[in-house]
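1. Have a look; sequence and predicted model below, questions after that.
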Amino acid sequence: MRIPSLSVPGSSAALSLIIALAAPLGISSSQAQEATIGDPNRVVNILQEPRHRLMHQDGDIRVLDVQINPGDMTLQHTHDAAIMYTFISSGTGPSGGRLSSNTDYVTENFTHQVSNEGPGLFRIIALTNYGPPMAELTTDRPTGLSGEPEIENLWFRAYRVTLQPGESTEMQMHHNPSMVVQVGEGKTHVTREDGITAELDKMGSWAWRNAHSTYQVRNVGTTPVEVVINEARRAM
């Protein structure tokens, strides 16, 4: 049975529907468009959907850069794992790094198809976790981050941090694999224990840090910058 397609028009109502369904999108290419047109009933796993680009893998954890251009459409694809989204941009402009997570897909797989009516790019940085849920909600929280997480469940945890020019986070240590995503304009540096620094210089830039890493995030630009720090939780 073919799942009806969903559109991502400029209206906030339609966007809310996409968010509610936690609908990841993907990257546009002529080859992908031909595949969609030629195989309207083809169903693939989310990891095989051509607009969901695999950018990093750490065991059961994957980072997907999912993009869909105006007028493009994903293949029908099935979600079968816990997932967390950092929304970078909608069809109408920046999304401010809004966060959303869906863990129901673990027990209730969901298949759908998504299109973007534009006029701009829809982009999400997605974090999938195919591992088992943690037993406790708060036992493995990182050190060095103040405040409560914006998202916290048995698979993921996420913090939002705003840094003024020249400001740094405290030295933080994450028991879980983590990633820093810049969700606004500006320039940030993410340190690493071996001395190598990652520079994030645009909205949607990100840096991965392995489990048990210690690092700081510093605003090296001239304007305030906002980042989200996302964890994919796993047994230590």
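-> It's in. Numbering: from 1, shown residues only.
2. Quick check: phi and psi at Asp140.
-> Backbone torsions of Asp140, given as degrees, to the nearest 10, read phi -110, psi 30.
3. hang on, it packs against Pro177?
-> No - taking CB atoms under 8 Å as the definition, Asp140 is not a contact partner of Pro177, at 11.5 Å. Just so you know, the C-beta spots here come from the backbone N, C-alpha and C atoms, and that holds for glycine as well.
4. Settle it for me: which of the two has more neighbours?
-> Pro177 (23 against 17; other CB atoms under 10 Å).
5. ok, so what distance separates that one from Met84?
-> 12 Å (CB to CB, to the nearest Å).
6. who touches both of those two?
-> Ala232 (CB atoms under 8 Å, 6 or more residues apart in numbering).
7. Report the helix or strand with the lowest average pLDDT across the protein.
-> helix 12-20 (a mean of 36; mean pLDDT, DSSP states H and E).
8. List phi and psi for Ala198.
-> phi -90, psi 130.
9. Contacts only, for it.
-> Val180, His189, Val190, Arg192, Ala207.
10. for the protein, what spans make up the helices?
-> Using DSSP state H, the helices of the chain run over 12-20, 30-38.
11. how does this structure divide up, domain by domain?
-> Structural domains assigned to the chain are 5-129, 151-232, following automatic domain parsing.
12. Same list (the ones you listed) but as TSV, adding distance to Gly144.
-> Shown next, in TSV, are the domains of the chain (distance: least, CB to CB, whole Å):
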stretch	distance to Gly144
domain 5-129	20
domain 151-232	3
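13. so which of those domains gets nearest Ala135?
-> Nearest to Ala135 among the domains of the chain is domain 151-232 (7.9 Å), distances taken as CB to CB.
14. avg pLDDT for that closest one?
-> The pLDDT scores in domain 151-232 average 98.
15. how long is that domain from one end to the other?
-> One end of domain 151-232 sits 11 Å from the other (CA to CA, to the nearest Å).
16. just stretch 52-69 next, same as before
-> End to end - CA to CA - stretch 52-69 spans 12 Å.
17. buried ones in that stretch?
-> His52, Ile61, Arg62, Val63, Leu64, Asp65, Val66, Gln67, Ile68, Asn69 (16 or more other CB atoms under 10 Å).
18. gap between it and the chain center?
-> 8 Å (CA atoms, centre = their mean, to the nearest Å).
19. which residues touch that stretch?
-> Contact with stretch 52-69 is made by 8, 24-28, 46-47, 51, 74, 77, 114-116, 118, 121-131, 177, 179, 204, 206, 208, 210, 232, 234, as judged by CB under 8 Å, 6+ apart.
20. how many other residues sit next to the residue lying closest to Ala135 once chain neighbours are set aside?
-> Nearest non-adjacent residue to Ala135, counting by CB to CB, 6 or more residues apart in numbering: Leu154, 7.9 Å away. Leu154 sits with 16 neighbouring residues when counted by other CB under 10 Å.
21. So Leu154 sits against Ser101, correct?
-> No - at 10.4 Å, Leu154 does not count as touching Ser101 under the criterion of CB under 8 Å.
22. follow-up on the earlier one: now do the residue nearest to Ala135 against Thr128, distance only.
-> For Leu154, the distance to Thr128 - CB to CB - is 14 Å.
23. thinking again about what came up before, which pair in the contacts of Ala198 has the greatest spatial separation?
-> Of all pairs in the contacts of Ala198, the most separated under CB to CB is Val180 and Arg192 at 11.1 Å.
24. and the two? which has more neighbours close in?
-> Of the pair Val180 and Arg192, Val180 is the one with more neighbours under other CB under 10 Å, namely 22 against 15.
25. Lovely, talk soon.
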